[in-house]
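Student: prediction below, plus the sequence it came from.
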Amino acid sequence: MTLTVVTGSHCDLKISDALKGLTEDNKPYVIAGAIVGLSGLMKIIYSAIVRITGRSFATFNDIEDPKHGLISQVE
């Protein structure tokens, strides 16, 4: 399982490309994932990564919320 916290992060093309590569490369190893703190440009980049990789993750605004969400994805 992965939990990615992007609250307060900035993003540019280099970071976006790295995130796409990571998302593609870790696919065989991740059974459930969640992202916390998407806003603005990060939401747009997340949507692009979903389209390109065919993967999606549960998204949350608060760090406490994904704990139950990740567990329910595995059950």
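Tutor: Yes, it's here. Predicted model only: the values in this text are computed from it and were never measured.

Student: residue 50 reaches residue 56, doesn't it?
Tutor: Yes - using Cβ atoms under 8 Å, residue 50 is in contact with residue 56, at 4.8 Å. (C-beta placed from N, C-alpha, C; glycine too.)

Student: quick one: the strands in the protein?
Tutor: 2-5, 33-36, 58-60 (DSSP state E).

Student: can you list those strands in CSV and add mean pLDDT?
Tutor: As requested, the strands of the chain are arranged in CSV below (pLDDT from 0 to 100):
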stretch, mean pLDDT
strand 2-5, 90
strand 33-36, 90
strand 58-60, 90
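
Student: nearest to residue 70, out of those?
Tutor: strand 33-36 (5.4 Å; Cβ to Cβ).

Student: pull the CA atoms of the closest one into CSV?
Tutor: C-alpha atoms of strand 33-36 as CSV (Å, rounded to 0.1, in the frame of the first residue of the first chain):
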residue,chain,number,x,y,z
GLY,A,33,-2.9,3.6,-2.8
ALA,A,34,-4.1,7.0,-1.5
ILE,A,35,-3.1,10.6,-2.1
VAL,A,36,-3.6,13.4,0.4
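
Student: what is that strand packed up against?
Tutor: Applying 3 or more Cβ pairs under 8 Å, 6 or more residues apart in numbering; DSSP states H and E, one finds that strand 33-36 contacts strand 2-5, strand 58-60, helix 66-74.

Student: in its sheet, what does the shortest one sit against?
Tutor: Next to strand 58-60 in the sheet, as set by DSSP bridges, lie strand 33-36 (parallel).

Student: where does the prediction get shaky in the protein?
Tutor: 69, 71-75 (pLDDT under 70).

Student: how near is residue 13 to residue 51?
Tutor: 16 Å (Cβ to Cβ, to the nearest Å).

Student: try residue 40
Tutor: 18 Å.

Student: same check on residue 42?
Tutor: 15 Å.

Student: of those two, who's got more company?
Tutor: In this view residue 42 and residue 51 are compared by other Cβ atoms under 10 Å, and residue 42 has more residues nearby, 21 against 10.

Student: so residue 62 sits right up against residue 5, yeah?
Tutor: No - applying Cβ under 8 Å as the test, residue 62 and residue 5 come out as separate, 10.5 Å apart.
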